[in-house]
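Asks: any chance you can model this:
(chains A and B)
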Protein chains: 2
Amino acid sequence: MNWIVQTNEYKKDLVPHNGNKFLTGNGFFGVRGTMEETKKDNMCAINLAGVYDRAGDGWRESVNAPNVLYTVVEVDDKEYALPEAEPKSHEQILDFYNAIHKRKTIWTTEKGEITVEAERFASMANQSVIALKYSVSTDYDCKIRIKSGIDGDVWDINGPHFVKLEVSENNGVKTVVGTTGEKSHIVTAKEYIKADFNCDRKINCDSMSAIEEISFDAKSGEIYTIEKVASVIAPVFSEDIDVSRVSYDELKNAHIKAWEKIWDISTVEIIGDDEAMYALNYSIYHLNIIAPRNMDNVSIAARGLSGQVYKGAVFWDTEMFMIDYFIHTDPAVAKTLIDYRIDTLQGARNKAKEYGLEGAYYAWESQEGGFEGCSDYNITDVFTKRPMRTYFRDKQYHVSAAVVYGICKYIDATGDTSVFENGGAEAIIECARMYRSLLLKRADSKFYEVRDVVGPDEYHERVSNNAYTNKMVKLTFETAIDAIKTLENEYADKYNELDKKYDLKTLEERFKDSAENILIKEPDERGLIEQFDGYFNLEDATVDEVRSRLLDPKEYWGGAYGVASDTQVLKQADVVAMLGIFGNEYDKEILKKNFDYYEPRTEHGSSLSACMYSLLACQIGNAEIAYPLFMKSAGVDLKPGGKEWMGLIYIGGTHPASEGGAWIVAVKGFAGINIENGKLNCNPCLPEKWQGMKFKLMFMDKLYQVEINKNGGNITEV
Amino acid sequence: MNWIVQTNEYKKDLVPHNGNKFLTGNGFFGVRGTMEETKKDNMCAINLAGVYDRAGDGWRESVNAPNVLYTVVEVDDKEYALPEAEPKSHEQILDFYNAIHKRKTIWTTEKGEITVEAERFASMANQSVIALKYSVSTDYDCKIRIKSGIDGDVWDINGPHFVKLEVSENNGVKTVVGTTGEKSHIVTAKEYIKADFNCDRKINCDSMSAIEEISFDAKSGEIYTIEKVASVIAPVFSEDIDVSRVSYDELKNAHIKAWEKIWDISTVEIIGDDEAMYALNYSIYHLNIIAPRNMDNVSIAARGLSGQVYKGAVFWDTEMFMIDYFIHTDPAVAKTLIDYRIDTLQGARNKAKEYGLEGAYYAWESQEGGFEGCSDYNITDVFTKRPMRTYFRDKQYHVSAAVVYGICKYIDATGDTSVFENGGAEAIIECARMYRSLLLKRADSKFYEVRDVVGPDEYHERVSNNAYTNKMVKLTFETAIDAIKTLENEYADKYNELDKKYDLKTLEERFKDSAENILIKEPDERGLIEQFDGYFNLEDATVDEVRSRLLDPKEYWGGAYGVASDTQVLKQADVVAMLGIFGNEYDKEILKKNFDYYEPRTEHGSSLSACMYSLLACQIGNAEIAYPLFMKSAGVDLKPGGKEWMGLIYIGGTHPASEGGAWIVAVKGFAGINIENGKLNCNPCLPEKWQGMKFKLMFMDKLYQVEINKNGGNITEV
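Replies: Now for the predicted structure:
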C-alpha cells in the first residue's frame, strides 16, 4: 500500500477541501494543506489546540497562530503565487506515513520556466516546531527574490483575536507575539531561515508581519534552497526550541522516528483490499495528528485542528467515536481526553446550575475549562438571514452520558480504576445527579421520563423519551452506582470524602430507583424501537422526497419548520447508535429490523452516521452492507463534496469522529474484537474480498498482536 | 344616544370591514353587511351556525348558505351595481336597536339619476327568515329590470362545500337545496318576491341560481318596490315558514318586538358619556345577533357569524368573555353554551385519547360534536409560503379549564346546580382527569408541574408552568372536588352512577393532592409573577423595537423564530388574565405592579387583550387607565384597521369576545358588580366623566335593576 495522498492539479474551488485533506499536525496545532504563499483569503491557518478567544459579539472560537510558513517567490520583480498566477503544472503530496507535506509548482514565463518545490512538517518530536524546506529554480538566468517570514494577518471566522501584535527581529530570528483580546492569551511565533547561497537578505517588520527578502541573481538550472525552522508556543504547550540552532534535517529525522513509533502500533493491515487499508490508515493518520500528546487540559475538537469551524470545541464525538482508538493504541492520550472532562467538571456544574439542574451538564461545545461555546442561535435562517433559536446547547442532555461512557470504556480496557479515585467517580456521580434532577414522573405513573430533549438526530427538536438518550441516562445511573461501590471497596478515603459531600447511600438509592424506573422503549409488535414519543406518527416520507422540498440547498433540514422536522427522516443514527452500544441486550433479529427500518430514513447528514450503521451491520453479520458505509466513514476527508453548510454557517473541516468511527468498525465490527470476561476476544465478520487483517491493540496495559482471517483470529501478547 | 351606525361613502377596500361592521343576524345565521348586489368576490355571506364541512384537504369550516338576498338593478339594459358602477352618493345604515340594515345609493346616468333603497333584517322572531324591501326610482322615464333571487355560488374560504345544488321554482317560490360534501348536510334556501306594480316576471333557474327578472317601464319620480321574504333552514334550525304567505311588514313588526324585549334587559345606560354608551350597546348588539336562541348543540364562534374565519369554530372566547353577558341577561342562552360543551364531551375525550391523556381535552377550535377543527399547521410562513407547525391544537391545554370556569360562573350566578347532575359534573371531572394525567413531578420534588404548554400569550410556544394555565388547572381540580361533593349531597343517583364509573373517592383524593401540590407561581421580590419558567430571562425589548424587526408586515410574531418569541413581548394578557380572575387572592399592590410590568410589554395582538387589562385596571381602582382599553374593546368592530392577517391567513371578522369583554369591564369593572355571600354587590370605579350607569341584571333567577353613581349604587329587584 502506498501512503501517499496526491493531487496533480490546482483548482481554486478545491482550496478549502484540500486544506483539510492535506492537513498536517501534531496535536498542538494543525497546519492546513494550503500553499506556502497562501494568505488568509484562502483559508490558510495554523490552528491551535486549547486556545480560545471571543472577539466582540462573535462566537468564541479557537485561535489561529501567526503564519510562520509564509513564503512567496518573485522572479524579475514579478510575484508567482497560487491561485493568482496560473501554473503550468502543480503537484501536492501528503506522505501520511511520515506526515510530510510537499508541493511542486511550475510556472511558465516569457523566458522559460520557474519551479518551486517545498517540503514541510509539523514536528511530532518537537511539538512547537514547524519546519519548511523551500526551493526555487529557473531554466534561464534571472533575478529572484524569496519573501518569507511570519504573516500575522491570519484567517479568522469570528476574529480578529489578536488585539496586540508585537513584531520584532533579532539576529535573523523574526518574532511575532500575539495577545488575544478576551483573556490576554499570548501566542508567540518565531522563525529563522538558513540560505546557504550567495544572496542579499533584508528583514522588514511592519505592524502585523516580519518578512525577510532574500534576493539573488539566479543561474539557469541551479536550485536555490532555503530552510526555515519555526516555532509556535502558547499556554497549552510552551516547550520552545531555539529556531536558529537546529537544522531542518535533524528535526525531520526526529519527526520521522516519532511517527515510526506511532505506526508500529497504529497500522491496521487489511489483506486483500488496499483501497480500504489506505482509507483506514489515512483516517488513523488524522486521529494521530490531532491527539493531545504531552499536553494537559486539552481534548480533541470536532473538526480536529483543521480550523475554527464548530468553534474549535470538543463535542461528544471525542468520547463516542475517537477515544476507542486511543484507548487501544495510546492509552495516555485516552487518559488526557478523560482528564480533560474531569478537570472541566466545574464548567459542567455551572451549566447544570444555569438550567436549574443539579450535578454536571457538560458543554455541547466544550472549550477551555469546560466553558460552553455553543450559542442558543447556532444556525442562520437562509430565508430571513436571522439567527435561529436552536437547542443543541440546552437540550442535548446526552452529552453528559457520553462523557460517562468514555470513562467506562477507558476503565474497561485498561483496568485503571484509579480514574474513579482521581475525579472520575465524582464526575460520573455529578452526571447522574444531573439526570436525576431531569427525571419527570407523571402523577399516577411509575415511570421516569426524560422529556423535551434533542437526541443525536438533531432534526427533531424537543422530543420526549428519545430511545438513545434514555438508555444512556440509565447507563449513567448504573455506572454511578458501580463507581460508588468501587470507591467503597477500593478507595475508602475518596469514598468518605465524597460521602460527606453527597451522602452516597442516599444517592445510591436514588440512582437505583432511577435506573430501575426510567422509561426504556421496548421493541413494538413489529420489533421496532420508536426513536421518541410520537416518531412513528410522523409523515413517512423518503429522504429524496424530503430533499425535493428544499427551497434553498443551504437551508437547514431540522429546527421547528425544516423539511425533515415533521417527517420520519432523520439526520443520523439515533436508535441505531443505541443498538450499536447495547446490541447485546437484543436479539439479532431486532437489530436487523431496526437497521432495515431506520437506514433508508436516514439522511446521514452527519459524518457520525455511516460508521454507526456500519457497526450495527457487522453486529447483524452483514459485512457487505457494512462495507460501503465503512468506506464512506474512512474516506470522509479524501473526497470533496461533504456537507459544508448548515444554514448560512460554514461547517467544513476534517471529520475525526468519522475517522475514529471507521477504526471502531474495522476493529470492533469487521474484526469483531470485544471484551469477554475481562479478555480480548474476536468474532470476525469480514467483507468478501478481505482475506484477513493484522493490527496491534493495547489492553490492560499489554500490547497484543491481532491476526484475523476468514474463520477467526489469533490474539497474542507481543 | 342614537342607535345608528352609518357611512356615507362607498370604498371598495372597506368592503371587508363594513361586512362585519354592518352585520345582522339572529343566532342561526349572520348576514354580512354587504350590498344586495354583492357576489362572492366581495365577501358576501349568509354564514350558518353549527353547520360544518370539509372540502378536499382544506380546513373544515362553517358553511355559507345560498345568498337569498341577491338583487341587482338594470336600467335601460345596463346594470348598476357596487362596486363596479361608481355611485353619485351612497349611504349604509345599521339601526342596531331594531337590527335593521338599510342602504341608499344614487347613480348618475346620461339621462338623470337612479336611486336604489333597500331595507332588510335577519328575523329575531322567526329565525329562518331574512326579509328585504328593495326600491328603485329614476328621475326620467326608462326601462327597469330588477334581477333578484337566490345565488348559490357563495363565497368560501376553503370551499366549495355544496357538492350538489338543486335549483327549482314552484308558484314563484324559488328554492335552492345545497348538500354538503363531507357529511351530506342539507341547507335549504327559499325566497318569494311580491311586486305590487305592473311588470313582467320571469324566473331563470340554472345549475347554481334561481333568479327572477322583474321588468317594467318606469316613470320618472315613481318608486317601484319589491318585497322579498326568504328563509334558510339547516339541521341546526329547521322551523320553516311559507315564504309566499307572510308579509314583509308582519315579519318586521315581530322582529322589532323581539328586539325590544332583548333591549329591555340588555341596554346599559351610561350617564355622561354617550360615546361609551354607544360603543358598549353596539357591542351588546353583536352579542345578541350571534346568541344561540331556540337552538341546541350550538355555541358561539370566535368570529361570531361574520364568516368562515377561524373555521366558524368555538374557542375559549365563549366561556371567558361572552358567557358572562348571557348569564346575566338571558341565562337560557348561557345554558345552551354550557350544554354545547357538555354534549360535546365525547369529542373532548377523543382528543385527550389522541394525546395519550385521560379524561377530556376540549377542542381548541370546536366544531359540531366537539370535533377539533384546529390543524397542526395553522399559520402560513410568509417567507417560504409553507404551513408552519403551530401548537394551538395540542398544547393550549387551558381550554378545558375555560370550559370548567364557564360552568362555574353559570352556577355561581344562577344557583342551578342541576347542571352538575345533567352532565356538568362529569365534564368537569373529565377535565380534571385530563389535567391530572398531564401533571409531572421531578424525581425529588413535591411540586406538580405543567410543562410544554402554550398559554394565552401564544407568541411563546412550548413553555412550562405558565402562570395562567397552572392556576386554571388548580381551579379545575378544586371545582371537580366541589362537583363531586355536590353530587354526593344533592344528587345521590348521579353520584352513584359516576362512582361506579370513576371511583370518586380515589379521584377526589387525587384531585386534592393535585390542587395542593401544583406549582403556583408566587410574586417574586419585585412583586412580579413570572409568566412562565424563564420568561424574565428573555430579552426585554419594547413592543416598538420588536415590531421594527419585522421583515414583512404580515409575518407571524410568534412561533419558533418570530420577532417576539425570544423577547418578553407578549401577544395578549396572560398573567393579567389570571389576575383578573383570581385578583382577590392578591394584594392590590401586587395587581398594580404586574399590570405596570406587563402592559407595556403587551402587543395586544389579540382583541381579547385590552378588556382583560381594562378589568384589572378597574380592580386596581384606576378607571382612567381602564377607560381607553375599554373603549378599544367596545369599539373593536366600529373602526377598520384591526389585525386582519396572521401569516398569510385572513383572520378578519367581528370580535364578539372583545365585545363580551367590554360588557364585563362595564358591569364587573366600572360598576364593580360582584357576588358576595351569594348576593349581588357593587363597588363602582367610574371614569371621571361618567356620572352614573343604569342596567338590569339576572341573578339567581331574578331580575335586578342596577343604578350606579359616583359614590356607590343601588341594586333592587324588579
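Asks: and the stretch 251-400 of chain A, which residues reach chain B?
Replies: Residues of the stretch 251-400 of chain A lying close to chain B (C-beta under 8 Å from any C-beta of the partner chain) are A:Asp381, A:Phe383, A:Thr384, A:Arg386, A:Met388, A:Arg389. Where you see a C-beta, it was placed from the backbone N, CA and C, and this is true even at glycine.
Asks: with adjacent residues omitted, what lies nearest to the fifth one?
Replies: So that's A:Met388. Once flanking residues are discounted, A:Met388 sits nearest to A:Ile379: 4.6 Å by C-beta to C-beta, 6 or more residues apart in numbering or on different chains.
Asks: check which helices and strands the helix or strand harbouring that neighbour sits against.
Replies: A:Ile379 belongs to strand A:377-380 when elements are defined using DSSP states H and E. The contact analysis (3 or more C-beta pairs under 8 Å, 6 or more residues apart in numbering or on different chains; DSSP states H and E) places strand A:377-380 against strand A:387-389, strand A:649-650.
Asks: ranges for the helices of the stretch 151-300 of chain A?
Replies: A:248-266, A:274-289 (DSSP state H, counting those that start in this stretch).
Asks: likewise for the stretch 1-150 of chain A?
Replies: Applying DSSP H, counting those that start in this stretch to the stretch 1-150 of chain A gives helices spanning A:15-21.
Asks: stretch A:484-502 and chain B in contact?
Replies: No. Stretch A:484-502 stays clear of chain B (C-beta under 8 Å from any C-beta), getting no nearer than 13.3 Å.
Asks: ok, now how distant is the closest residue to A:Val333 other than its chain neighbours from chain B?
Replies: With sequence-adjacent residues excluded and distances taken as C-beta to C-beta, 6+ apart, A:Val333 is closest to A:Phe326, at 4.2 Å. Relative to chain B, A:Phe326 is positioned 35 Å away (C-beta to the nearest C-beta, to the nearest Å).
Asks: what does the stretch 101-250 of chain A have sitting close to chain B?
Replies: By C-beta under 8 Å from any C-beta, no part of the stretch 101-250 of chain A sits against chain B.
Asks: which residues touch A:Asp264?
Replies: Residues near A:Asp264 by C-beta atoms under 8 Å, 6 or more residues apart in numbering or on different chains: A:Lys696.
Asks: correction: the previous question concerned A:Val399.
Replies: Residues near A:Val399 by C-beta under 8 Å, 6+ apart: A:Phe315, A:Trp316, A:Tyr361, A:Tyr362, A:Ala363, A:Trp364.
Asks: do that again at 7 Å, thanks
Replies: A:Val399 makes contacts with A:Trp316, A:Tyr362, A:Trp364, as judged by C-beta atoms under 7 Å, 6 or more residues apart in numbering or on different chains.
Asks: would you mark the buried spots in the strand or helix carrying it?
Replies: Using DSSP H and E, A:Val399 falls within helix A:398-414. Neighbour-count burial for helix A:398-414, with 16 or more other C-beta atoms under 10 Å in any protein chain shown as criterion, is recorded at A:398-411, A:413-414.
Asks: closest to B:Lys261 among the residues you listed?
Replies: A:His398 (67.5 Å; C-beta to C-beta).
Asks: now that closest one. Nearest residue, chain neighbours left out?
Replies: Leaving aside its sequence neighbours, A:His398 sits nearest to A:Thr469 (C-beta to C-beta, 6+ apart; 4.7 Å).
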